[in-house]
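S.K.: structure for the following, please:
(one chain, ligands or ions: 2)
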Amino acid sequence: MSAIQNTIRIDNQEIPFTPGQTIMDAALAAKVYIPHLCHYPGLPPSGNCRLCVVEIGNRSVAACTTPAAADQAICSNTPELNQARKALTQMLFVEGDHICPSCEKTGNCKLQAMAYYLGMLDDHFPQFYQRREIDASHPDILLDRKRCILCDLCVRASREVDGKNVFAIAGRGTQAHLIVNSPSGKLADSPLAKTDLATTICPVGAILIKQRGYQVPIGKRIYDQHTIRETTMQEHIPSCDKLKHKGHQDTER
Ligand code: SF4
Ligand code: FES
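M.R.: Ligands and ions are numbered 1, 2, ... in the order given. Just a heads-up that it's a prediction; the model follows:
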């Protein structure tokens with residue numbers, strides 16, 4: 001197959017890909033932004049947030065799990081798809097406790113940044129007010145399940161990069177929740193460390209490092225200054241090996 005055949009088109013822009021890349025991989029490598037929350041370069045995809053859904057003809061597919069194939073004509077940045085992404089973001093907001101002004105992650109939160117990016121002005125749906133347990137047992141790390149969007153990133157990071165398998169998602173539908181694989185089910189009993197990628201990868205304020213609250217003032221945080229699209233396009237795309245050294249850096253962001 002010649003190199004010229006290894007291209008896809010996203011919103012009429014021609015993009016090269018290498019066999020084995022997903023549509024998301026190819027798009028990010030070409031600096032084309034497809035909104036996403038559960039994708040993280042170098043980790044295997046889980047396909048569960050559905051923010052990255054794009055259209056190929058009359059099929060809707062997740063860009064993070066669908067292999068790029070020659071001559072695919074993909075629509076992503078359309079009013080209809082962005083409206084669907086906004087509705088999904090609104091659902092994530094009402095399923096959890098995302099009271100941004102009272103959350104330490106404000107300004108660094110990808111869910112909040114996604115809401116800004118998609119022009120979300122209200123929750124639209126009624127709040128669930130779910131009761132979910134907070135785990136403050138670890139000396140360095142807080143887990144607030146009420147803010148968890150079940151993106152599975154900490155699960156994959158702990159298993160694939162940290163080699164600890166600290167987290168898992170149990171239950172289904174509205175009963176789905178994050179569990180800790182330790183004898184007591186508490187973080188204090190687990191080998192989780194504050195430098196682990198699993199600790200620092202959380203896109204929202206569900207996993208926070210203690211004693212660091214508000215070190216960076218509100219107004220000077222990542223998404224106070226850049227959109228999630230700009231930030232994603234600036235990010236280095238690391239391999240899994242490099243991810244092993246990336247955990248601590250992410251705590252600064
Ligand atoms: Fe995702 Fe954070 Fe929940 Fe883990 S704790 S599943 S990283 S939102
Ligand atoms: Fe593709 Fe979440 S980024 S489903």
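S.K.: what residues are up against the residue most central in space within the chain?
M.R.: Closest residue to the average C-alpha location of the chain: L37 at 3.0 Å, with C-alpha atoms, centre = their mean. Contact partners of L37, counting by C-beta atoms under 8 Å, 6 or more residues apart in numbering, are 49, 51, 92, 110-111, 114, 149, 151, 203. Every residue, glycine included, has its C-beta placed from N, CA and C.
S.K.: repeat the analysis, applying 7 Å as the threshold.
M.R.: By C-beta atoms under 7 Å, 6 or more residues apart in numbering, the residues touching L37 are 49, 51, 110-111, 114, 149, 151, 203.
S.K.: out of the residues you listed, which are buried?
M.R.: Buried by 16 or more other C-beta atoms under 10 Å: 49, 51, 110-111, 114, 149, 151, 203, out of the contacts of L37.
S.K.: all helices for this protein, in order.
M.R.: 23-29, 79-95, 110-117, 153-156, 197-200, 222-225, 228-234, 240-243, 247-250 (DSSP state H).
S.K.: can you list contacts of the first one?
M.R.: Pointing back at helix 23-29 there. Contacts of helix 23-29 (C-beta under 7 Å, 6+ apart): 8, 10, 15, 17, 34, 36, 39, 41, 52, 54, 63-64, 66, 68, 74, 237.
S.K.: and this structure, which of its residues are near ligand 1?
M.R.: Residues of the chain lying near ligand 1 by C-beta under 6 Å from any ligand atom: 148-154, 178, 201-202, 204, 206-207.
S.K.: give me that answer again for 8 Å
M.R.: 38, 143, 145, 147-155, 157, 167, 169, 178, 198, 201-204, 206-207 (C-beta under 8 Å from any ligand atom).
S.K.: so which of the buried ones among the contacts of L37 is the closest to ligand 2?
M.R.: Distance to ligand 2 across the buried ones among the contacts of L37 (C-beta to the nearest ligand atom) is lowest for C49, with 3.3 Å.
S.K.: quick check, pLDDT for the closest one.
M.R.: Note for C49: predicted pLDDT of 97.
S.K.: pretty sure it sits against C151.
M.R.: Yes - proximity of C49 to C151 meets the contact threshold set by C-beta atoms under 7 Å, at 5.8 Å.
S.K.: on that earlier part again, ok, and which of the buried ones among the contacts of L37 reach ligand 2?
M.R.: Restricting these to those near ligand 2 - C-beta under 8 Å from any ligand atom - leaves 49, 51, 151.
S.K.: thinking again about what came up before, joint contacts of C49 and C151?
M.R.: In contact with both C49 and C151: 37-38, using C-beta under 7 Å, 6+ apart.
S.K.: quick one on the thing from earlier: how about the buried ones among the contacts of L37 in CSV, adding distance to T78?
M.R.: Formatted as CSV, the buried ones among the contacts of L37 follow (distance: C-beta to C-beta, whole Å):
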residue, distance to T78
C49, 18
L51, 14
K110, 22
L111, 22
M114, 17
I149, 24
C151, 24
P203, 24
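S.K.: of all those residues, which comes closest to E133?
M.R.: Set against E133, the nearest of these by C-beta to C-beta is I149 (16.1 Å).
S.K.: how about the closest one, what does it touch?
M.R.: 37, 92, 96, 111, 204 are the contacts of I149 under C-beta under 7 Å, 6+ apart.
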